[in-house]
Structure formats: C-alpha cells, structure tokens
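In: I'll drop the sequence and a predicted model, then ask my questions.
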Protein chains: 2
Amino acid sequence: MRVLGVDPGLTRCGIGVVEGVAGRPLSMLGAGVVRTAAEGQLGDRLVAVERGIEEWLDAHRPELVAVERVFSQHNVRTVMGTAQASAVAVLCAARRGLPVALHTPSEVKAAVTGSGRAGKAQVGAMVTRLLRLDAPPKPADAADALALAICHIWRAPAQNRLQRAVAAHHATKGRSA
Amino acid sequence: MRVLGVDPGLTRCGIGVVEGVAGRPLSMLGAGVVRTAAEGQLGDRLVAVERGIEEWLDAHRPELVAVERVFSQHNVRTVMGTAQASAVAVLCAARRGLPVALHTPSEVKAAVTGSGRAGKAQVGAMVTRLLRLDAPPKPADAADALALAICHIWRAPAQNRLQRAVAAHHATKGRSA
C-alpha cells in the first residue's frame, strides 16, 4: 500500500510518501514540503500549494492520501490557512478519484509513539526509526506527513475490519427485516 | 465592472454576479447556489463545489471574484467547511488569473444597509432594492453573494484611491530618500 501523507499548511505544507503493509517494515519513498511566501496573495499561495501537491501525486502515484484532520479549536491564528491548505490537498486527491483518509494529530502521535500527547521530537525520532532513516526528516512538517502516512497504513486493517463488521451487521439486519 | 460574489459554504455555496460601477444603478446577471450533500465525503463535496464555481466563472466571465473573509471566531462548528469552500473559490479564481477580494461580513452588511450588524432579512431587502428585483433572491446564500459583489463594486473606488495614495506616498518617500 502506497500512502501520501499531507501535513497541511499554507507556509509549509508537509508531504511524505510511505509504502508498506501493517506488520512489516515500511519504506519512505519521499518527503518534503511545499512552501509559499507568507506575504503572497492568498490565491497565489493556494495555486502554489495545488501545483506542489499535484507534482507529488504525479511523481509517486499513491493509492490513498492521508490528510491531517483540522480542528477549529487549535491554533486559532493559523487554523484558517491550515483548513484552506487541507481543502486543496483533499480536492487534488478526490479529483483523481483517490480515497482520502483524515486522521487527527493525536491519532497520528498515538500510532507512531504510543502516546497521543507526544512532542514533535518524539514523533520525529519514531518516524526515523520506523522508516530506518539515518536522521530525522527535516523540516518537522515532512516528518509529520510521514507519520500520517504510517498511521494510516497501520490503522487501515482495523478500519477495514470495522467496516466489514458494520456491513455484515447491516446485511444481517436487512435479512431479518 | 463585473464581479462574481461567493458566500462560501460546503452545503450551500452562494453565488451572485453583479455588473456596474459605483454611483450608477447595478444589474444582477445571475444568482444561485452550489449545493453538496451533507452526508457526502469531504473530497467529493469539494470537487462538486469546484465544478459548480467553474461553471459560474465560465458562464459569466467576471473581472474579479469577491469572497467572504472567513473568521475562525464565528460559528466554530461550521467554520471548517466554510474555510474549505472559500479556499476552493479563491483557488478557482486565482488559477484563471482573476483578482480576488475578501470582504468581511460586517463590511458587506454596512455597504448595502448602512449597518455592520444588519440581519439577513435587511440585507435581502436592500439587495432586492439595489438590483431592482421583484423579490429577494432565494436562498439567503444567493442574496449574501450578491451583497458581496455590490459591496466590492462600491468599495473599489475608495480602495483604488487609497492604493494610489499609498503608492504616491511611497514614491515621494523614495525621491526624498
């Protein structure tokens, strides 16, 4: 399974591509950031984010895109830019017919470190270890995007089992009705 | 001047196209909403909003797109959808090289009613009068989008004067430096 993770942001949008399946060693296929100038016009910045994400999708052809779920409660000052960059990422994926998964920051931290309240350094250290890298990916946004992709690969089997169970339950109810 | 106003929303994205110049009667060229199903996947909904806005841009070829400026303080529950829909609107305009203007809800209300705290009904009544319509545009999102376009046309001369004054001031400073 090849997953492109996106840590959305207008100034720095982290991107990380991971391949693998749950229970086996994972591979990093690429990581980086799409940057836009903070003093730029909003429209130009969104177009630049779109172009950057399209280039990553073209280069790596993921099967799924995992995007951080944005909450309005966090970072009130930056949440608008985050929400807008995440909309562009989700739009780019959906336009190609790719499934999009949203994971919260605490789900991602818990998946890679065991704690939903882990710090950036801890997440970076675990991403380095799990992907068998020589050093933590820089900047932190790229490491966070890789963590999102890892989180998705590891959570996917549980989510699929849950979906099958729900579907089976509905099928049973349908027959008994 | 032909302006396409967007009152962003994921469930109902209001669109209104107005033509005219400040100080003369204005004309409505069209108004409506782009709707997406609340139970749909986020990606599908953003793609539908993009497609809808592109159709309006193709049909009316505005010179400028005016979008409501989203604040994270308001409507915390719906602000994410609003921010994401506004990102799509701004992206569609910027991709075509169209200038994008952002106006706050209170600027829009003040422009069309004289009060930044006017209610929906008052805004609808003034939009009806200013565009010489037989009845208020429905739904309210379409009326709000028309109000945004009117606000922009009326504010543009003042903004242009301001920009010229700022540019002249900088030019003077540059000569005296």
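Out: Nice, I can see it. All values derive from a computational prediction rather than experimental measurement.

In: the nearest residue to A:Glu54 once chain neighbours are set aside is in what secondary structure piece?
Out: Computed as CB to CB, 6 or more residues apart in numbering or on different chains, the closest residue to A:Glu54 that is not its neighbour in sequence is A:Cys92, at 5.9 Å. For the C-beta atoms, the positions are set from N, CA and C on the backbone; glycine is no exception. Per DSSP states H and E, A:Cys92 falls inside helix A:79-95.

In: CA atoms only: put stretch A:99-107 into PDB for me.
Out: Coordinates of each C-alpha in stretch A:99-107 appear next as PDB, following Å, rounded to 0.1, in the frame of the first residue of the first chain:
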ATOM      1  CA  PRO A  99      -9.600   7.800  -1.400                       C
ATOM      2  CA  VAL A 100      -8.900  10.400   1.300                       C
ATOM      3  CA  ALA A 101      -8.400   9.500   4.900                       C
ATOM      4  CA  LEU A 102      -8.400  12.100   7.700                       C
ATOM      5  CA  HIS A 103      -6.600  11.400  10.900                       C
ATOM      6  CA  THR A 104      -6.400  13.600  14.000                       C
ATOM      7  CA  PRO A 105      -3.000  14.800  15.300                       C
ATOM      8  CA  SER A 106      -3.500  12.700  18.500                       C
ATOM      9  CA  GLU A 107      -4.300   9.500  16.400                       C
END
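
In: what comes into contact with that stretch?
Out: For stretch A:99-107, the surrounding residues in contact (CB atoms under 8 Å, 6 or more residues apart in numbering or on different chains) are A:63-69, A:71, A:74, A:90, A:93-94, A:111, A:116-117, A:148, A:151-152, A:155-156, B:41-43.

In: tell me which residues of that stretch come out buried.
Out: Buried residues in stretch A:99-107, counted by 16 or more other CB atoms under 10 Å in any protein chain shown: A:Val100, A:Ala101, A:Leu102, A:His103, A:Pro105, A:Glu107.

In: and of these, the nearest to chain B?
Out: Checking those against chain B with CB to the nearest CB, the nearest one is A:Val100 at 4.6 Å.

In: so which bits of chain A are right by chain B?
Out: A:41-44, A:46-47, A:50, A:70-73, A:76, A:79-80, A:83-88, A:90-91, A:93-95, A:100, A:102 (CB under 8 Å from any CB of the partner chain).

In: for chain A, give me the ranges with low pLDDT.
Out: Low-confidence segments of chain A, defined by pLDDT under 70: A:72-77, A:158-164, A:166-167, A:170-177.

In: could you rerun that using 90?
Out: Counting by pLDDT under 90, chain A shows low-confidence ranges at A:22-23, A:70-81, A:155-177.

In: show me where it has its strands.
Out: Under the criterion DSSP state E, chain A contains strands at A:2-7, A:12-19, A:27-35, A:64-68, A:100-103.

In: so can I have TSV of these showing distance to B:Val3?
Out: What follows is those, written out as TSV (distance: least, CB to CB, whole Å):
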stretch	distance to B:Val3
strand A:2-7	33
strand A:12-19	30
strand A:27-35	30
strand A:64-68	32
strand A:100-103	33
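
In: out of those strands, nearest to B:Val33?
Out: Nearest of the strands of chain A to B:Val33, taken as CB to CB: strand A:100-103 at 24.4 Å.

In: quick one, helices of chain A?
Out: Remark: helices assigned in chain A by DSSP state H are A:42-60, A:79-95, A:105-113, A:120-130, A:140-176.

In: mind putting those helices into TSV with distance to A:Met1?
Out: Below are the helices of chain A laid out as TSV (distance: least, CB to CB, whole Å):
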stretch	distance to A:Met1
helix A:42-60	13
helix A:79-95	15
helix A:105-113	15
helix A:120-130	15
helix A:140-176	6
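
In: just say which of those helices is most tucked in.
Out: Stretch with highest mean neighbour count among the helices of chain A: helix A:79-95 (a mean of 25; mean count of other CB atoms under 10 Å in any protein chain shown).

In: which strands and helices sit next to it?
Out: helix A:42-60, strand A:64-68, strand A:100-103, helix B:42-60, helix B:79-95 (3 or more CB pairs under 8 Å, 6 or more residues apart in numbering or on different chains; DSSP states H and E).

In: contact partners of the first one?
Out: Yep, that's helix A:42-60 we're talking about. A:2, A:4, A:6, A:10, A:13, A:15, A:17, A:29-30, A:32, A:34, A:36-37, A:40, A:65, A:84-85, A:88-89, A:91-93, A:96, A:98, B:87, B:90-91, B:93-95, B:100, B:102.

In: and with 6 Å instead?
Out: Contacts to helix A:42-60, defined as CB atoms under 6 Å, 6 or more residues apart in numbering or on different chains, come from residues A:10, A:13, A:15, A:17, A:29, A:34, A:36, A:85, A:88-89, A:92, B:87, B:90-91, B:94-95, B:100.

In: chain center to stretch A:12-31, what's the gap?
Out: Here the centre of stretch A:12-31 is set off from its chain's centre by 10 Å, with CA atoms, centre = their mean, to the nearest Å.
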